[in-house]
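In: Quick one: sequence plus predicted model below, questions after.
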Number of protein chains: 2
Amino acid sequence: MSADPVRTRVRLSAEDRRGQLIGIGLRLLVTRPIHELSVDEVAAEAGISRGLLFHYFPTKRDYYAAVVRAAGQRLLTHARLPGEGGPEERVRAVVEGFVGFVRRRRANYVALVRAGAGGDDLVLEVFEDIRATLADRVLEALGEPSPDPMVRLAVRGWLAMAEEMAIEARDETVSADGLVDFLVDGLGRLLAPLARHRSLGPGGRPHDRT
Amino acid sequence: MSADPVRTRVRLSAEDRRGQLIGIGLRLLVTRPIHELSVDEVAAEAGISRGLLFHYFPTKRDYYAAVVRAAGQRLLTHARLPGEGGPEERVRAVVEGFVGFVRRRRANYVALVRAGAGGDDLVLEVFEDIRATLADRVLEALGEPSPDPMVRLAVRGWLAMAEEMAIEARDETVSADGLVDFLVDGLGRLLAPLARHRSLGPGGRPHDRT
DNA sequence: GCAGGTACTGAGCAATGCTCAATGGGCGCG
DNA sequence: CGCGCCCATTGAGCATTGCTCAGTACCTGC
């Protein structure tokens, strides 16, 4: 850092500083897996001393967790559950948001996943929240706010599939639309043998709430 | 060092030492995510100096990769593709091996996955090999040694689903057999819209046949 | 029994996560 | 305007960790 000769100490509010640090984390997260991020690096990027980072985040893990949480929020924002519509329509909206986000920002998302799987329990917990939220949205779209465990398990599995395919898909192989079609259709096919009376698709909407 | 007063230096062949170190890695891997394993710890466990570990593995990453490769071999050994049988039968054998392995040794497997996702490119490569091998086996069982990219992508996604479900499934929710049934059946259902002429199991719609 | 190769050691270095006592800048209050 | 307090901020310092290297000791072949 030679470019900033007069590094006047900048004093920020606690809130602003936290935001800045998390922002830096989000940016650097793309570069490398999170556990290879050093405190020195983040501090240098922010133009502060190492010590200060520990003033805001008691531990490196806490910092990581905060960054991952922020990244997860971005994802969830892109995969909103619409308030109305038929089951298939609503599922499609969530899947479109999810797949679109992952494909547009593959690097970000892969980094996020790696962070989640990196083994830190704190981070893992945050990650689990994100997945559970996505599963809930899909289940709610299906009109099954409290499904039997097997259905929930299947949806979780299907989400893992969606994630893997969205990450791995190349444009030459499938268009984003094609992938969304496959996934929405696939969810219906997967759940069919589990469903007693309901199905995904035009017609099957037993009890939709709002 | 109180417990081993006469720590006579044990000199092993290069091969044996490597094996011992990898074995220790496999054992410790269950305890914690791999990147929290310190060289000191492994060396202490093996009763050797830190320096020696670097004699066998030029880098910590190389050591990790070797451990993960060994763990992956174990998995692949449990998910063998039988030489003969119908497509469904052969797929089922692979899935049974896979699900059984993951469920019996959840801790091991989760540790393995975390290691793979831990962000290290070397380890990631090893991990990718394992997944590709599994995908190949399934594809071969289906009689599609060189499928179009979308089918391969779908199988990869389905494998991710299998992994997630096997990890997450609790005995109270589904039996191992139930899960295998769901997965084998699900694969057929997923691939149906992609297949031009081929399908899993007798007839276009897999069904419980017994 | 000598020579050579190599398994092995241990001291030491740089980087990293984390602590803590001290500092100083901004803001409210007189 | 000035004073004092709070808290954002620093920077030195410690333990651990990944890694290097020069040297040692044990086994093998002649």
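Out: Okay, I see it. Residues are numbered from 1 along each chain as shown, chains lettered A, B, ... in the order given.
In: And the helices in chain A, which stretches?
Out: In chain A, the segments counted as helices under DSSP state H are A:14-31, A:39-46, A:50-56, A:60-78, A:87-104, A:106-117, A:121-141, A:149-168, A:176-191.
In: DNA strand D: which of those is closest?
Out: helix A:50-56 (2.1 Å; C-beta to the nearest atom of the strand). (Each C-beta comes from the backbone N, C-alpha and C, glycine too.)
In: ok, A:V138 - contacts?
Out: A:91, A:94, A:155, A:158-159, A:187 (C-beta atoms under 8 Å, 6 or more residues apart in numbering or on different chains).
In: What of A:L139?
Out: For A:L139, the contacting residues are A:145, A:147, A:151-152, A:155, by C-beta under 8 Å, 6+ apart.
In: one more time with 10 Å, if that's ok
Out: Contact analysis of A:L139 by C-beta atoms under 10 Å, 6 or more residues apart in numbering or on different chains lists A:91, A:145-147, A:151-152, A:155-156.
In: which two in those are spaced the farthest apart?
Out: Distance extremes for the contacts of A:L139: the farthest pair is A:V91 and A:S146 at 17.3 Å, using C-beta to C-beta.
In: Of the two, give the one with the bigger neighbour count.
Out: Between A:V91 and A:S146, counted using other C-beta atoms under 10 Å in any protein chain shown, A:V91 has the larger neighbour count: 25 against 9.
In: So that one is in contact with A:A135, correct?
Out: No - using C-beta atoms under 10 Å, A:V91 is not in contact with A:A135; the gap is 11.8 Å.
In: Can I get the helix-or-strand element of chain A with minimal mean pLDDT as PDB, trimmed to CA atoms?
Out: Least confident helix or strand, chain A: helix A:106-117 with a mean of 79, by mean pLDDT, DSSP states H and E. Listed next in PDB are the C-alpha coordinates belonging to helix A:106-117 (Å, rounded to 0.1, in the frame of the first residue of the first chain):
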ATOM      1  CA  ARG A 106     -20.900 -18.300  -9.500                       C
ATOM      2  CA  ALA A 107     -17.700 -17.300  -7.900                       C
ATOM      3  CA  ASN A 108     -19.600 -15.600  -5.000                       C
ATOM      4  CA  TYR A 109     -21.800 -18.600  -4.500                       C
ATOM      5  CA  VAL A 110     -19.200 -21.200  -4.700                       C
ATOM      6  CA  ALA A 111     -17.100 -19.200  -2.200                       C
ATOM      7  CA  LEU A 112     -20.100 -19.100   0.000                       C
ATOM      8  CA  VAL A 113     -20.700 -22.800  -0.100                       C
ATOM      9  CA  ARG A 114     -17.100 -23.500   0.600                       C
ATOM     10  CA  ALA A 115     -17.200 -21.300   3.600                       C
ATOM     11  CA  GLY A 116     -20.300 -23.100   4.800                       C
ATOM     12  CA  ALA A 117     -18.700 -26.500   4.400                       C
END
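In: That one near DNA strand C at all?
Out: No - judged by C-beta under 7 Å from any atom of the strand, helix A:106-117 and DNA strand C are separated, with a smallest distance of 13.6 Å.
In: So which bits of that helix are buried?
Out: The neighbour-count check on helix A:106-117 (16 or more other C-beta atoms under 10 Å in any protein chain shown) flags A:108-117 as buried.
In: What separation is there between A:V10 and A:G47?
Out: 7 Å (C-beta to C-beta, to the nearest Å).
In: If you could redo that for A:G157, that was the one I meant.
Out: 45 Å.
In: the more surrounded of these two?
Out: Neighbours per residue (other C-beta under 10 Å) separate A:G157 from A:G47, with A:G157 holding more: 28 against 13.
In: May I have the residues that are in contact with the closest residue to A:A66 other than its chain neighbours?
Out: Nearest residue to A:A66, sequence neighbours excluded (C-beta to C-beta, 6 or more residues apart in numbering or on different chains): A:I22, at 5.6 Å. Shown in contact with A:I22 (C-beta under 10 Å, 6+ apart): A:42, A:56-57, A:63, A:66-71.
In: Spell out which residues of chain A are next to DNA strand D.
Out: So far as C-beta under 7 Å from any atom of the strand goes, chain A lies against DNA strand D at A:9-14, A:17, A:47-52, A:55.
In: So what's the residue count around the one residue in chain A that gets nearest to DNA strand C?
Out: As assessed by C-beta to the nearest atom of the strand, DNA strand C sits closest to A:K60 within chain A, at 2.9 Å. Neighbour count for A:K60, taken as other C-beta under 10 Å: 17.
In: So which bits of chain A are right by DNA strand C?
Out: So chain A meets DNA strand C at A:9, A:11, A:37-41, A:50-51, A:54, A:58-61 (C-beta under 7 Å from any atom of the strand).
In: Can I have the buried ones of those residues as a PyMOL selection?
Out: A single PyMOL command selects the buried members of those (16+ other C-beta under 10 Å):
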select buried, chain A and resi 37+60
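In: Could you pull up the mean pLDDT of stretch A:12-26?
Out: Mean pLDDT, stretch A:12-26: 94.
In: Show me what counts as buried in it.
Out: Going by neighbour count (16+ other C-beta under 10 Å), the buried part of stretch A:12-26 is A:17, A:20-22, A:24-26.
In: per-domain residue ranges of chain A.
Out: Using automatic domain parsing, the domain ranges for chain A come out as A:14-66, A:71-197.
In: Tell me which of those sits most buried.
Out: Burial of these is given as mean neighbour count (mean count of other C-beta atoms under 10 Å in any protein chain shown); domain A:71-197 ranks first at a mean of 19.
In: In chain A, where is pLDDT below threshold?
Out: Within chain A, the stretches with pLDDT under 70 are A:1-8, A:116-119, A:196-210.
In: could you redo the last one with a cut-off of 50?
Out: A:1-7, A:201-210 (pLDDT under 50).
In: ok, the buried residues of stretch A:12-26 vs chain B, which is closest?
Out: Set against chain B, the nearest of those by C-beta to the nearest C-beta is A:G25 (14.7 Å).
In: From what I see, that closest one and A:A43 are in contact.
Out: No - A:G25 lies out of contact with A:A43 (C-beta under 10 Å); the separation is 11.6 Å.
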